[in-house]
Each structure stands twice: as C-alpha cells, then as structure tokens.
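Colleague: Next come a sequence and a model predicted from it.
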Amino acid sequence: MWYIDNAGRPVGPVSEMEFRDAVADEPVRRASLVWFEGLAQWRFYGDAERIPDRYGIAPQTTGSTAQRSL
C-alpha cells in the first residue's frame with residue numbers, strides 16, 4: 001500500500017494497482033511525495049535511487065495514518 005501527498009494532505013492507503021494507474025495517468029509525478037511501509041520518511045517519487053521500482057515502471061520525469069480520498 002502507498003500513500004501520496006496531495007497538496008500537503010496524505011492520500012491513502014492506495015493499492016498497488018491504483019498507484020500504478022496514478023503513475024501511468026500522471027497524477028503521480030517526479031516531484032510527488034510518496035510513502036510506503038519500509039520507507040523511513042516521505043520521498044519524491046522521482047528519487048529513483050531511493051524508491052525501488054516495485055512495479056516495473058520507472059519514475060516519470062514521516063509516514064502517518066491518512067484518509068483515503070483518491
């Protein structure tokens with residue numbers, strides 16, 4: 001499960017499939033902050049060196065509980 005920063009508000013949890021769709025449709029961009037279990041802190045999605053390519057999709061250009069609102 002992923003969490004995505006939306007204008008300073010965490011959105012999630014987002015399923016693997018929903019996250020993949022968000023990357024493909026471009027709501028998630030290189031400058032988007034994302035977090036998933038295992039990351040010590042929020043990271044820019046475009047920081048490919050620190051975020052594993054869990055889905056076979058490369059990037060396009062303090063984890064807490066959040067409400068889902070995609």
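Modeller: Thanks, I have the structure now.

Colleague: From residue 40, how far off is residue 21?
Modeller: Residue 21 is 26 Å from residue 40, where distance means C-beta to C-beta, to the nearest Å. The way it works is simple: take the backbone N, C-alpha and C, and place the C-beta from them, glycine included.

Colleague: Could you check which of these two has the larger neighbour count?
Modeller: When neighbours are counted by other C-beta atoms under 10 Å, residue 21 and residue 40 differ, and residue 21 comes out ahead with 14 against 9.

Colleague: Wasn't that one part of a helix?
Modeller: Yes: residue state for residue 21 (DSSP: H, G, I helix; E, B strand; the rest coil) corresponds to a helix.

Colleague: Show me where the chain has its helices.
Modeller: Ranges of helices within the chain are 16-25, based on DSSP state H.

Colleague: Give the ranges of residues in it that sit below the confidence cut-off.
Modeller: 48-70 (pLDDT under 70).

Colleague: where do the strands sit along this protein?
Modeller: Secondary structure of the chain (DSSP state E): strands located at 2-6, 9-14, 33-36, 43-44.

Colleague: so which of those comes closest to residue 27?
Modeller: With C-beta to C-beta, the closest approach to residue 27 among the strands of the chain belongs to strand 2-6: 7.8 Å.

Colleague: Need the contact partners of the closest one.
Modeller: 10-16, 18-19, 22, 27-28, 32-36, 42, 63, 66, 69-70 (C-beta atoms under 8 Å, 6 or more residues apart in numbering).

Colleague: Go ahead and build a PyMOL selection from the buried members of those residues.
Modeller: Listed next is the PyMOL selection for buried residues among these, using 16 or more other C-beta atoms under 10 Å:
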select buried, resi 10+11+12+13+14+18+19+22+28+32+33+34+35+36+42+63+66
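
Colleague: Just confirm residue 44 contacts residue 28, I think it does.
Modeller: No: assessed by C-beta atoms under 8 Å, residue 44 is found out of contact with residue 28, at 10.5 Å.
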